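J.: Sequence plus predicted model, see below.
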Amino acid sequence: MKPFTEQTLSIIQRIPSGHIMTYGQIAKCAGNPRAARQVARILHSMSEKHQLPWHRVVNAKGNISFQDANRRKEQRTLLEQEGIAVINGRISLEEYQFCCEIPFE
DNA sequence: CATATGACGTCAA
DNA sequence: TTTGACGCCATAT
């Protein structure tokens, strides 16, 4: 098993275009079902340097976790470009959530 | 009341 | 000094 951070990064990079994942889902796939916070931290700190599709990561509610209206609008635009319908800053998890059941080593 | 989620902060190399 | 790794707690459902 590789480090949690590395696993998380790999998972995020594996999210297909037009699909999204939640923090809990990513954390669970990475090996730590309770490490949703870490996922958030990774995105905040390493997304820009690792070219991660951060816009494909949303919270369990299907909402954009950003507080800044600018960032939320930006992410919404990015998601819409991938064909994801964002209604009131909300995304239909049932339609776009990517089921990550890949056995990472 | 109990369970699940979270765009953080801090420490070490 | 900067980048990578790790966990407890508060809030919402």
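T.: The structure has been received and is ready for your questions. Numbers count the residues shown, from 1 in each chain, chains lettered A, B, ... in the order given.
J.: which parts of stretch A:43-54 are buried?
T.: A:43, A:46-47, A:52-54 (16 or more other CB atoms under 10 Å). Glycine gets a C-beta too; all of them are placed from N, C-alpha and C.
J.: Can you tell me which one of the residues you listed sits lowest on pLDDT?
T.: The lowest pLDDT within those belongs to residue A:47, with 86.
J.: In space, what's closest to it - neighbours in sequence excluded?
T.: Leaving out its chain neighbours, the residue that sits closest to residue A:47 by CB to CB, 6 or more residues apart in numbering is residue A:54, at 4.0 Å.
J.: Go ahead and confirm that neighbour touches residue A:45.
T.: No - using CB atoms under 8 Å, residue A:54 makes no contact with residue A:45, being 10.8 Å away.
J.: ok, and of the buried residues of stretch A:43-54, which contact DNA strand B?
T.: A:43, A:47, A:54 (CB under 7 Å from any atom of the strand).
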